[in-house]
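Asks: Just the structure for this:
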Amino acid sequence: MTRSSGRVKFFSGRGFGFIRRADGCGDVFVHRVDLDESCSVDGELKLCPDDLVEFNVVDAIRGPKAVAVSRREGRDALAS
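Replies: Residues are numbered from 1 along each chain as shown. Next comes the predicted model:
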């Protein structure tokens, strides 16, 4: 499975949100249970808007979903 990269568009306090994919193929849903340890902030798994992330995309019932999500360092422009 190929890793994708993107930028967090939105992540709610309820533990879900959306990631804008760097390849322009549309947004993907993300849930807190699919975040790895690199997404831990003060002991809580969460993401912040504009965080750079890497993830795998799976086809879920309601559309594409990000799994195995890890936070990348920095907030620079994504490399292709």
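
Asks: CA atoms for contacts and neighbours, from now on please.
Replies: Noted.

Asks: Just the buried residues of stretch 38-52, please?
Replies: 39, 45, 46, 47, 50, 51, 52 (16 or more other C-alpha atoms under 10 Å).

Asks: tell me the two of these that are most distant?
Replies: Within these, 45 and 50 form the most distant pair, 15.9 Å apart (C-alpha to C-alpha).

Asks: about what we covered before: compile the buried residues of stretch 38-52 into CSV and extend it with columns for secondary structure, pLDDT and distance to residue 18.
Replies: Listed next are the buried residues of stretch 38-52 as CSV, based on DSSP: H, G, I helix; E, B strand; the rest coil; pLDDT from 0 to 100; distance: C-alpha to C-alpha, whole Å:
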residue, secondary structure, pLDDT, distance to residue 18
39, helix, 91, 15
45, strand, 92, 15
46, coil, 92, 12
47, coil, 95, 10
50, coil, 95, 11
51, coil, 95, 11
52, strand, 97, 12
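
Asks: so residue 49 sits in a strand?
Replies: No - counting by DSSP: H, G, I helix; E, B strand; the rest coil, residue 49 is not part of a strand but coil.

Asks: Tell me who's in contact with it.
Replies: Each residue near residue 49 by C-alpha atoms under 8 Å, 6 or more residues apart in numbering is listed here: 7, 8, 9, 10, 11.

Asks: Tabulate those residues (JSON lines), appending pLDDT.
Replies: Formatted as JSON lines, these follow (pLDDT from 0 to 100):
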{"residue": "7", "pLDDT": "97"}
{"residue": "8", "pLDDT": "97"}
{"residue": "9", "pLDDT": "97"}
{"residue": "10", "pLDDT": "95"}
{"residue": "11", "pLDDT": "96"}
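
Asks: and which of these is nearest to residue 73?
Replies: Out of the contacts of residue 49, the member with the shortest distance to residue 73 (by C-alpha to C-alpha) is residue 7, at 11.7 Å.

Asks: ok, the closest residue to residue 31 other than its chain neighbours - contacts?
Replies: The shortest distance from residue 31 to any residue other than its chain neighbours is 4.3 Å, reached at residue 16 (C-alpha to C-alpha, 6 or more residues apart in numbering). Residue 16 makes contact with 29, 30, 31, 32 under the criterion C-alpha under 8 Å, 6+ apart.
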